[in-house]
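Engineer: no FASTA, just this:
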C-alpha cells in the first residue's frame, strides 16, 4: 500500500478571533488538491515571518492570507510541479485579481526607479486580462497573500540572522500608499540567496477586499505621494542600500549590480557596440505635408560631421503624405545635389496617416542599427550633434537616451526646453534667455522629443512608443518614464543645441488641444499619482549633474 502523502504546512496569516478560520480552512482543503497541515499565525507579517523561518523539514511551506479566495482547483500540485521542475525556483505565487475582476498583481517590480508602491510595482495592476499576463514569469517579488517557498530557500534564509528583515516585517505603511514590505523584503532575500521568484498565472486567486478600478480613478489626479515613515526608510536603506520611496538606481547597482537583485536593471541592459569607434546609426523621421520645414531639416542634417557617415542611414516615413514629399527627399539623396546629402535614404510611404506612435514604431522595425535617432521634420541642429550624442551613450553605459537643449527657431537666444523636471511644480525653463547656464550634462526625467538618440536595446527593454497616445503629444514623456522604469538613465546635454519652432497651446486647433489634454490624462492614469515626484526625487538623491 502506498504511503499517504505528507501534509503540506500552510501558515494562515490571521487571528482566529478575527476571521472564520474553520470556513477558510475548509475552502483551502477543498481547492488545494493535497493534504494540508493548517497552522494559524496571529500577529501580522512579523509573526508570519518568524513562524516561516522556524520551519524545519524537507517540504515546501505555504503562506496564505484569508483576504484571498482560491479560483483555481488543485492549485497546490501546480505550484509543487513548478518547484520540482526548476531547482533554482525559490518561491512561486499566483496571479491575483481584485473583487471586480481586474488584475491586481502578476508579481511585482520593486527594483525600479518607480519604487514599490502598488500602482507602480504590481505588474498588470488595474488591467483586464491579456496574453502578456498569461505567461509564467520571473519577477522581483510577489504580493504575500499566497505563495509557496522551497525548503532549500527557507534553509538559506534561516541560516543567516536578519534582524533588519524582522523589523521591516513589523513596519506599517500609510493607507494611501500600500507597501508590501514583508513580501518585497522576503522575495529579495530569496533572490539574494541565489534563487528565483516567479508567478504562475495558471493559479488564480481573488482578493475580496481590493477594487483597483476605484483606486485607479483616484490616481488620475497628480499629487504628492506620502513617504514611508522615517524608521521604515532607514531600515530598508540599512539592509538594501537604497531609499524605497524614491530609489536611486545607481546606488542599487553599486551594491547589487553583480547579484540576482539586479537581474533586470544590471548587465542585461547593456549593449555590445561600445567597442566600435563609430557605431552604425539609423535616423528615423516621420513627416506629412511639411515640405518647407522638411527641406530645412534635411539641409541641416546634410552638414552632420559623423566620422563614418556611410554607417548612417536616414529612414523617412511619409505618413499619408499628399504634398509630393518623396520627390523632394529623393532630390536631396542624389549625388551631386545642392546639399550633397551624405547618408543613404530609405523612404516608406503609407496611404493614410497612422499617427506618430505607430509610424515611428514602423520605422523602428524597419531599421536595425544599434543606435537610433528620433528626429522631427522641423528642426535645425549643429553639425557635431550626432558625434556628441554617440559619445555620451558610450561614456554612460546605463543611459538609454540622450537629448539636447531646444531653442526657439525664430529666436535662438530663447530656450524652449532645458533641464526639465516635473516635480515640484514642473519646469522646462521655457522662455528664459540662453546664456550658457544649461551647458552641462545632467540626468533628467525627460527631454523634448524633437531630437533624441537611443540605444536600440532600450526599445527592446522598454517597448516602442505607446500607440494609445496617437496621433501624438505626451508620447515622449511617457516613453522616457518607461525607460526610467526599465532601469535606464535619461541624459540631457546642454552643449547640444536644437532649433525648433515654438507653439503655444492656444496656437493649436481645438481638436489638437483636446487630444493633448486627453493624452495628459492617459499618462497620469497609466503611471499613477506621484510617478513624477518619485522619479524626480530619486534623481535629486542620485545627483543630477554629471561632471
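Structural biologist: Everything's here; your move. Predicted model only: the values in this text are computed from it and were never measured. Residues are numbered from 1 along each chain as shown.
Engineer: What is the neighbour count of the residue nearest to residue 303 when sequence neighbours are not counted?
Structural biologist: Spatial nearest neighbour of residue 303, excluding adjacent residues (CB to CB, 6 or more residues apart in numbering): residue 383 at 4.6 Å. Heads up, the C-betas are built off the backbone N, CA and C, glycines and all. For residue 383, the neighbour count with other CB atoms under 10 Å is 13.
Engineer: wait, is residue 383 part of a helix?
Structural biologist: No: Residue 383: not assigned to a helix; according to DSSP: H, G, I helix; E, B strand; the rest coil it is coil.
Engineer: Now do it, the pLDDT please.
Structural biologist: Confidence at residue 383, expressed as pLDDT, is 97.
Engineer: give me the element the residue nearest the centre of the chain is part of.
Structural biologist: Nearest to the geometric centre of the chain sits residue 485, at 2.6 Å (CA atoms, centre = their mean). Residue 485 belongs to helix 475-486 when assigned by DSSP states H and E.
Engineer: Quick check: what element follows that helix along the chain?
Structural biologist: Using DSSP H and E, the next helix or strand after helix 475-486 towards the C-terminus is strand 489-500.
Engineer: For that following strand, what is the distance to the chain centroid?
Structural biologist: When distances are taken as CA atoms, centre = their mean, to the nearest Å, strand 489-500 is centred 22 Å away from the chain's centroid.
Engineer: Please apply the same query to stretch 142-153.
Structural biologist: How far stretch 142-153 lies from its chain's middle: 25 Å, per CA atoms, centre = their mean.
Engineer: Show the contacting residues for residue 376.
Structural biologist: Counting by CB atoms under 8 Å, 6 or more residues apart in numbering, residue 376 touches 285, 297, 449-451, 500.
Engineer: now, which of these lie within helices?
Structural biologist: Among the contacts of residue 376, the residues falling in helices (DSSP state H) are residue 297.
Engineer: give the contact list for the closest residue to residue 251 other than its chain neighbours.
Structural biologist: Spatially, and ignoring its direct neighbours in sequence, residue 251 is nearest to residue 242 (4.7 Å; CB to CB, 6+ apart). For residue 242, the contact set (CB under 8 Å, 6+ apart) comprises 236, 248, 251-252, 255.
Engineer: Quickly find the element holding residue 539.
Structural biologist: Assigned by DSSP H and E, residue 539 falls within helix 531-542.
Engineer: pLDDT wise, what is residue 504 at?
Structural biologist: Note on residue 504: pLDDT of 63.
Engineer: coming back round to it: reformat the contacts of residue 376 into a markdown table and put distance to residue 387 and neighbour count next to each item.
Structural biologist: Putting those into a markdown table (distance: CB to CB, whole Å; neighbours: other CB atoms under 10 Å) gives the following:
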| residue | distance to residue 387 | neighbour count |
| --- | --- | --- |
| 285 | 19 | 24 |
| 297 | 19 | 21 |
| 449 | 21 | 24 |
| 450 | 19 | 23 |
| 451 | 14 | 27 |
| 500 | 20 | 20 |
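Engineer: just how off-centre is the helix or strand of the chain with the lowest mean pLDDT within its chain?
Structural biologist: Ranked by mean pLDDT, DSSP states H and E, the weakest helix or strand in the chain is helix 212-218, scoring a mean of 75. Put simply, helix 212-218 sits 20 Å off its chain's centre (CA atoms, centre = their mean).
Engineer: Tell me the first helix or strand C-terminal of it.
Structural biologist: Along the chain past helix 212-218, the next helix or strand (assigned with DSSP H and E) turns out to be helix 230-240.
Engineer: now what about the helix or strand following that following helix, what contacts it?
Structural biologist: Using DSSP H and E, the next helix or strand after helix 230-240 towards the C-terminus is helix 249-256. The contact list for helix 249-256, computed with CB under 8 Å, 6+ apart, reads 111-113, 192, 240-243, 261-262, 265-266, 398, 487, 489, 538, 541-542.
Engineer: of the residues you listed, buried ones?
Structural biologist: 111-113, 192, 240, 242-243, 261-262, 265-266, 398, 487, 489, 538, 541-542 (16 or more other CB atoms under 10 Å).
Engineer: correct me, but residue 245 touches residue 230?
Structural biologist: No: counting by CB atoms under 8 Å, residue 245 does not reach residue 230; the two are 10.2 Å apart.
Engineer: more neighbours, these two?
Structural biologist: Neighbour comparison, residue 245 and residue 230: the larger count goes to residue 245, with 23 against 8 (by other CB under 10 Å).
Engineer: quick one: pLDDT of the more buried one?
Structural biologist: We have a pLDDT of 88 for residue 245.
Engineer: how close does it sit to residue 252?
Structural biologist: Distance, residue 245 to residue 252, by CB to CB, to the nearest Å: 14 Å.
Engineer: And residue 432, by the same measure?
Structural biologist: Distance from residue 432 to residue 252, counting by CB to CB: 34 Å.
Engineer: Between the two, which has more neighbouring residues?
Structural biologist: Neighbour totals were compared for residue 432 and residue 252, and residue 252 leads with 22 against 14 (other CB under 10 Å).
Engineer: Thanks again, I'm all set now.
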